[in-house]
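> Quick one, fold the following:
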Amino acid sequence: MTAADEGHGRDGHSRDALAAGIGAEVREARLARGLSTRELARLIGTSQPFVTNIENGRIFPSLRTLALLADALAVPASRLLPGSERVERVAAATGMRPRRRAEPPARRLTAAPDRELASFRVELRPGESEPRPFAHDGEDYLLVLSGELALLREGEPALRLTVGEGAWVDGRVPHRLAAPEGPAEPGVGLLVVAAPLAADPDGHGA
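Below is the predicted model:
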C-alpha cells in the first residue's frame, strides 16, 4: 500500500480539514491501543511513513484504508471520522422498494452534492445484467441482500456472490453486475459507490 491509496477529498480547505481530523482520530485511537506507528503499519500491511502521513493529515485515506485502520484499532470506522462528520441524517431511501418492471436495474438510494458516497439498490432478474460497464477513479462496495449476483470485471473471471457476501471493487476496472440464469428470485444488492464528484455514480444502470 502506497500513497497511491490516497482517497479524494471533497474540495480545498474542507478536504484538508477533514484529512487533518481523520489523522487526529487515528492517532488518538492508536495511542489508546498502545501501538506505535510502525506496529499499526504492520497490522494494515503498509509502511510506517504512510501511517505517519495519514496522522499528519498529508494523506486522505481511502475507504479501504479506513476499514483496515478501524479493524486494526478495534474501533468502528465511524470513530475515525472527526466530530460532526461522523453522522449525517439523510432522507428515507425510497429506492429500497422492489423494482417496477419499467425501472432500470439500479436506483439511487442516497447521495448529496458535497459527498463522494452514493448508495444504490440493484435488482436484476435471472439472466439480466446491467446494460453497460462502469468505471471511475474511486471504489465500490457490493453487498448481496437476496438471491445471487455476479460481478463482471474486464479481464477477470466472473465473481458469483450469494446472500450476505460482499466484495470491494476497484472502480478503475470497468465492471457491471449480472444475475446468473437459474435462480428463482432476482438478485438484489446494495451498492455503495465512492467516486470523485467529477464521476457519474448514476452510471450504474443509467
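> List the residues that contact Pro105.
For Pro105, the contacting residues are Arg99, Val122, Glu123, Leu124, Glu128, Glu130, Pro131, Leu177, Gly205, by C-beta atoms under 8 Å, 6 or more residues apart in numbering. In this view, the C-beta of every residue, glycine as well, is placed from N, C-alpha and C.
> Tell me which of these fall in strands.
Cross-referencing the contacts of Pro105 against strands under DSSP state E gives Val122, Glu123, Leu124, Leu177.
> still on that earlier bit, include distance to Leu143 when you put the contacts of Pro105 into JSON lines, please.
Formatted as JSON lines, the contacts of Pro105 follow (distance: C-beta to C-beta, whole Å):
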{"residue": "Arg99", "distance to Leu143": "17"}
{"residue": "Val122", "distance to Leu143": "10"}
{"residue": "Glu123", "distance to Leu143": "14"}
{"residue": "Leu124", "distance to Leu143": "15"}
{"residue": "Glu128", "distance to Leu143": "19"}
{"residue": "Glu130", "distance to Leu143": "16"}
{"residue": "Pro131", "distance to Leu143": "22"}
{"residue": "Leu177", "distance to Leu143": "12"}
{"residue": "Gly205", "distance to Leu143": "17"}
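> give me the low-pLDDT residue ranges for the chain?
1-14, 83-96, 110-115, 196-206 (pLDDT under 70).
> What ranges does the chain have for its strands?
Counting by DSSP E, the strands of the chain are 106-110, 117-124, 139-146, 148-153, 159-162, 166-170, 175-178, 187-194.
> which residues in this protein form helices?
With DSSP state H as the criterion, the chain has helices at 12-33, 37-44, 48-55, 63-73.
> Out of those helices, which is the most enclosed?
helix 48-55 (a mean of 21; mean count of other C-beta atoms under 10 Å).
> any idea how this structure splits into domains?
Following automatic domain parsing, one gets these domains for the chain: 3-86, 94-203.
> Including mean neighbour count and distance to Gly57, could the strands of the chain go into CSV?
Listed next are these as CSV, based on neighbours: other C-beta atoms under 10 Å; distance: least, C-beta to C-beta, whole Å:
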stretch, mean neighbour count, distance to Gly57
strand 106-110, 20, 27
strand 117-124, 22, 20
strand 139-146, 19, 21
strand 148-153, 21, 33
strand 159-162, 15, 35
strand 166-170, 15, 25
strand 175-178, 24, 32
strand 187-194, 23, 19
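> Quick one, which of those gets closest to Ser78.
strand 117-124 (12.6 Å; C-beta to C-beta).
> Mind giving me the packing neighbours of the closest one?
The contact analysis (3 or more C-beta pairs under 8 Å, 6 or more residues apart in numbering; DSSP states H and E) places strand 117-124 against strand 106-110, strand 175-178, strand 187-194.
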